[in-house]
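> Here is my input, please return the structure:
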Amino acid sequence: GAVPLNPLAGLCRAGDFWIRAAPLLMRYRIEEQISNRFIRDPAEKQRRWDRLHDRCAPKALASILALRGFYIKVGQVASSRNDFMPMQIIKVGQV
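Below you'll find the model as predicted:
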């Protein structure tokens, strides 16, 4: 069964999440800034986003699986939403 978390365990779990998520979030933020400021060609912007999704989707899946529980459920819901999730993330989420 589920083991209740004490406050320190919850803090550690939150830290684990951010250690895993922050690098991915930063990559997306950097790409957003580069695309908005320097890339004019829409096709090139799409290629760059696709490459980023290709690189980050497996890392996101590995993080979700390592964090287990709630994060797996969130990943399952997100991977069923092709209206706002990149196809690369949807594909790796359907394991």
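
> got the buried residues for the biggest helix by length in the chain?
Taking DSSP state H as the criterion, the chain has its longest helix at helix 7-38. For helix 7-38, the neighbour count (16 or more other C-beta atoms under 10 Å) marks 20, 24, 31, 35 as buried. Bear in mind the C-beta positions are built from the backbone N, C-alpha and C, glycine included.

> wouldn't the second one be in contact with K59 here?
Yes: with the criterion set as C-beta atoms under 8 Å, L24 and K59 qualify as a contacting pair; they are 6.2 Å apart.

> rewinding a little: after the longest helix of the chain comes which helix or strand?
Tracing the chain past helix 7-38, the next element assigned as helix or strand by DSSP states H and E is helix 42-67.

> Quick check: what element follows that next one along the chain?
In N-to-C order, the element after helix 42-67 by DSSP H and E is helix 70-79.

> Just give the number of residues close to S79.
S79: 19 surrounding residues under other C-beta atoms under 10 Å.

> OK, contacts around it?
By C-beta atoms under 8 Å, 6 or more residues apart in numbering, the contact set of S79 is 85, 89-90, 92-94.

> Can you pick out the ones from those residues that are in strands?
Of these, none are assigned to strands by DSSP state E.

> that older thread, out of the buried residues of helix 7-38, which two sit at the greatest distance?
R20 and S35 (24.0 Å; C-beta to C-beta).

> so where's this protein shaky on pLDDT?
Scanning the chain for pLDDT under 70 picks out 1-5, 95.

> switch to 80 and redo it
Across the chain, the ranges flagged by pLDDT under 80 are 1-5, 7, 93-95.

> three-state assignment of N82?
coil (DSSP: H, G, I helix; E, B strand; the rest coil).

> What count of nearby residues applies to I90?
16.

> before we move on, what about A60?
A60: 20 neighbours (other C-beta under 10 Å).
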